[in-house]
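> What follows is a predicted protein model with its sequence.
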Amino acid sequence: MNDKIVRVMLLMFIIGVAVLGPRVSLGWAQIASPPPADHPEVTVHGRKFTPRSILARNMGTPEDQTAQFPPHKIIGNLYYVGTRTLSSFLIVTSQGNILINSTYERNVHTIEKSVEQLGFKFSDIEILLGTHAHGDHQEGDALIKQLTGAQMMAMAEDVPALQAITPGGKEHPIDKTLHDGETVTLGGTTLTAHLTPGHTRGCTTWTMRAKESGKNYNVVIGCSLRPPATLTPEVVAEFSHSFPLVRSLACDVPLGDHPAQYNLEEKYAKLQKGVRNPFIDPDGCTYEVDIEETMFHALLDEQQKAGGH
Ligand SMILES: [Zn+2]
């Protein structure tokens, strides 16, 4: 190839990048994290879902991920302090408070505002927990730790994935490693960590008891059960353990790491009318697992057909 041709090609390349640059880089960003497929489609409790629609339901718009949802009491000493589509839960005790899910780092000050609007002190957060090692749930851990000095505890199987979440180069704080069935107790409230893997290796479903009007209620804070696009034998084995386990938990108050998993908007609207506590919803306890388990089997069928089995 002669020199002149090389120079002309180089010039065309530079012009191409200058003109198409933004579009080219958008293309690459989409290739880097493609949206999930719009198939298979399943119908659960009269509603249609695809992998893409479930992700869209969970995440909403970028604005939904950061906009404060009105902070409110759920039941007993348990409060909601998250955004419109990313849950964050506060458990208030006489010995200090527990926060579950810091969400994105950019949301930490919104969570702080919500805690204070409820009349509590952000600096009283003594223990920081999470549901699973994805940035939309636990990216803010280092900043929460920095601002409150809370002790961060994580399920052992999620530790490697958490260590890879280092916003601004900040090391992920992990003060204590937990194992399936271990409990975390503060000021008379005990949370139990149930290993429910599949979505991540250490996905943690938290259970606790909350008291209201002299009655005890079983609260289940679910970890995402959304299957990934490709189901490896390992992931299939994990979900095969997690679906029946989640169904077996004693449950009166179902919650989840995305508000859509437990119909927060609808329940919050009822809460405003104030007849009875809408979060006490035993019939809703299998709502999310029904959707995800049905989708899991549809994906597995699709994958097995494509593989010629
Ligand atoms: Zn996730």
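Alright, I've got the coordinates.
> show me the contacts for the residue in the stretch 151-300 of the chain that the ion sits nearest to.
Nearest to the ion, among the residues of the stretch 151-300 of the chain, is S224, at 4.8 Å (C-beta to the ion). No exception for glycine: its C-beta is placed from N, CA and C like everyone else's. Applying C-beta atoms under 8 Å, 6 or more residues apart in numbering, we find S224 in contact with N58, T131, H132, H134, H199, C203, G256, D257, H258, Q261.
> Please apply the same query to S94.
S94 sits next to G187, G188 when contact means C-beta under 8 Å, 6+ apart.
> I'd like the distance between it and the ion.
S94 is 33 Å from the ion, where distance means C-beta to the ion, to the nearest Å.
> In this structure R84 contacts M59, no?
No - applying C-beta atoms under 8 Å, one finds R84 not in contact with M59, separated by 10.1 Å.
> Look at the two and report which has more neighbours.
Legend: neighbour count by other C-beta atoms under 10 Å for R84 and M59, higher for R84 (19 against 15).
> which residue sits closest to D141, ignoring its sequence neighbours?
Among residues not flanking D141 along the chain, S102 sits closest, at 4.9 Å (C-beta to C-beta, 6 or more residues apart in numbering).
> What does K270 show for phi and psi?
Main-chain dihedrals, K270, degrees, to the nearest 10: phi -70, psi -40.
> Could you do D141 as well?
The phi/psi pair for D141 (degrees, to the nearest 10) reads phi -60, psi -50.
> And for the one 10 residues further on?
Note on Q151: its backbone torsions stand at phi -90, psi 120 [degrees, to the nearest 10].
> for it, what are its contacts?
Counting by C-beta under 8 Å, 6+ apart, Q151 touches E126, I127, L128, D175, K176.
> quick one: whichever residue of the chain sits closest to the ion from D301, how far?
Residue of the chain nearest the ion, by C-beta to the ion: H134 (3.5 Å). Per C-beta to C-beta, to the nearest Å, H134 is found 26 Å from D301.
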